[in-house]
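Enquirer: need coordinates for the below:
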Amino acid sequence: MSLDDLDRAVLHALHIDGRVQFNHVAAVLGTSPQTVARRYRKLKETGALRVVGMIDARKAGQVEWFLRLGCTPDAALQVARALAKRPDTSWVQLTSGGTEISCVIRAANAPEALLLQQLPKTPKVVSVSAHCLLRSFVGGPVGWAGRADVLTAAQTAELTPAFEHPEPEVDERLTTALHQDGRATFADLAKATGWSEPTVRRRVNGLRAAGVLYFDVDVDSHALGFTAMAVLWMSVQPKRLVKVAEALAQQPEVALAAITTGPANVLAKVVCRDIDALYEYLTERVATIDGIERMETAPVIHTVKRAA
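Expert: Numbering: from 1, shown residues only. The predicted structure is shown next:
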């Protein structure tokens, strides 16, 4: 798919506010609401993007873990599909030639017991490591405009929502409906919850004001022409942890940058146009960041489950 500047501007606006009204976007961009709506529908219908309502795990009393599972080649896809069916997982991907699974799991407690009960019963899972997410610098609640980063600072400020009256109580009916479609109308959300539209509006805005609810724009990088994705596991000097994560977060190729536990204490997910662009990124961009002592690059070869 070839995106023009207006497509990218609409994408950027949705990254800023996943539920922004199209007439507001149109006024900021100097076009018509019908044009903005048409561009959004095109991106949505082709599978290039969807807006997903997400709960900030930390503020909901949960912890996010990055899991790495080494499998025998004949079992990796089967195990990945089993993981994808679980409601507590997201971004289940096959990496490293299809012998490793990378995924995110949300849990109230450490996931080791859960994994020992449900995954390593098969000898085809040969290794499991868990890395607790300590701080995100881009991605998740922090957001990522990435390749759609085209709006000016003034436009960004005008589209940034402001909410009052925080309301941190989470309702499963509401969050389930927003997870299925982050742009569901208040009328549809009222039907899903059994509340009135004013109540739904107040609860949604209250959750956003409390920072509990945020909207993730799930962009299919392949649909947008970016075919090389990789997970970078980096071992960084402790005194350079924040500097490295901040440097990564400034690079448009980086969709996720986080400090984690474990010997690989910084994780990044990068999206590049092709393998040549990934090579240039690794050798010319990452190589210039001081403090990285060791890096493992795991190319993503198949995504089984995306944002969830």
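Enquirer: okay, and the helix or strand of the protein with the least pLDDT?
Expert: Ranked by mean pLDDT, DSSP states H and E, the weakest helix or strand in the chain is helix 112-118, scoring a mean of 51.
Enquirer: mean confidence for stretch 71-83?
Expert: On average, the pLDDT along stretch 71-83 is 90.
Enquirer: do the same with stretch 231-239
Expert: Stretch 231-239 comes out at a mean pLDDT of 96.
Enquirer: avg pLDDT for stretch 54-61?
Expert: Per-residue pLDDT over stretch 54-61 has a mean of 85.
Enquirer: tally of neighbours for R135?
Expert: 13 (other C-beta atoms under 10 Å). Glycine gets a C-beta too; all of them are placed from N, C-alpha and C.
Enquirer: do the same with G61
Expert: 8.
Enquirer: residue ranges with poor pLDDT in the stretch 101-250 of the chain?
Expert: 109-122, 144-148, 223 (pLDDT under 70).
Enquirer: all strands of it, in order?
Expert: Using DSSP state E, counting those that start in this stretch, the strands of the stretch 101-250 of the chain run over residues 125-138, 213-219, 228-236.
Enquirer: what does the last one rub up against?
Expert: By that I understand strand 228-236. Strand 228-236 is contacted from outside by 68, 93, 95, 102, 221, 244, 263-275, 277-278, 286, 291-300, using C-beta atoms under 8 Å, 6 or more residues apart in numbering.
Enquirer: distance of the residue nearest to A187 when sequence neighbours are not counted relative to G18?
Expert: Nearest non-adjacent residue to A187, counting by C-beta to C-beta, 6 or more residues apart in numbering: E197, 6.0 Å away. Distance of E197 to G18, given as C-beta to C-beta, to the nearest Å: 19 Å.
Enquirer: higher neighbour count, the two?
Expert: G18 (23 against 14).
Enquirer: circling back to that earlier point, doesn't D188 make contact with the residue nearest to A187?
Expert: No - if you go by C-beta atoms under 8 Å, E197 and D188 don't touch, sitting 9.8 Å apart.
Enquirer: related to what we said a few turns ago, OK, contacts around the residue nearest to A187?
Expert: F186, A187, L189, A190 are the contacts of E197 under C-beta under 8 Å, 6+ apart.
Enquirer: I'd say the last one and R202 touch.
Expert: No - at 11.6 Å, A190 and R202 do not qualify as touching, with contact defined as C-beta under 8 Å.
Enquirer: pick out whichever of these two has more residues nearby.
Expert: Per other C-beta under 10 Å, whichever of A190 and R202 has more neighbours is A190, with 19 against 14.
Enquirer: what about G211, how many neighbours?
Expert: When neighbours are counted by other C-beta under 10 Å, G211 registers 14.
Enquirer: which ones are touching it?
Expert: D56, K59, P141, P166.
Enquirer: would you list every one of the helices in the stretch 51-200 of the chain?
Expert: Along the stretch 51-200 of the chain, counting by DSSP state H, counting those that start in this stretch, helices occupy 76-84, 112-118, 153-159, 172-180, 186-193, 197-209.
Enquirer: from P238, how far out is the residue nearest to A187?
Expert: Taking C-beta to C-beta, one finds E197 at 51 Å from P238.
Enquirer: just checking, what packs against the helix or strand containing L267?
Expert: Per DSSP states H and E, L267 falls inside strand 266-272. Contacts defined by 3 or more C-beta pairs under 8 Å, 6 or more residues apart in numbering; DSSP states H and E place strand 266-272 against strand 228-236, helix 241-249, strand 254-260.
Enquirer: can you tell which of the ones you listed is closest to R38?
Expert: Comparing the helices and strands packed on strand 266-272 against R38 with C-beta to C-beta, the closest turns out to be strand 254-260 (26.5 Å).
Enquirer: and A75, which of the strands of the stretch 101-250 of the chain is closest to it?
Expert: Among the strands of the stretch 101-250 of the chain, if distance is taken as C-beta to C-beta, the winner is strand 125-138, at 7.2 Å.
Enquirer: the nearest residue to R183 once chain neighbours are set aside: neighbour count?
Expert: Distance criterion C-beta to C-beta, 6+ apart; nearest residue to R183, sequence neighbours excluded, is V51 at 5.0 Å. Applying other C-beta under 10 Å, we find 22 residues neighbouring V51.
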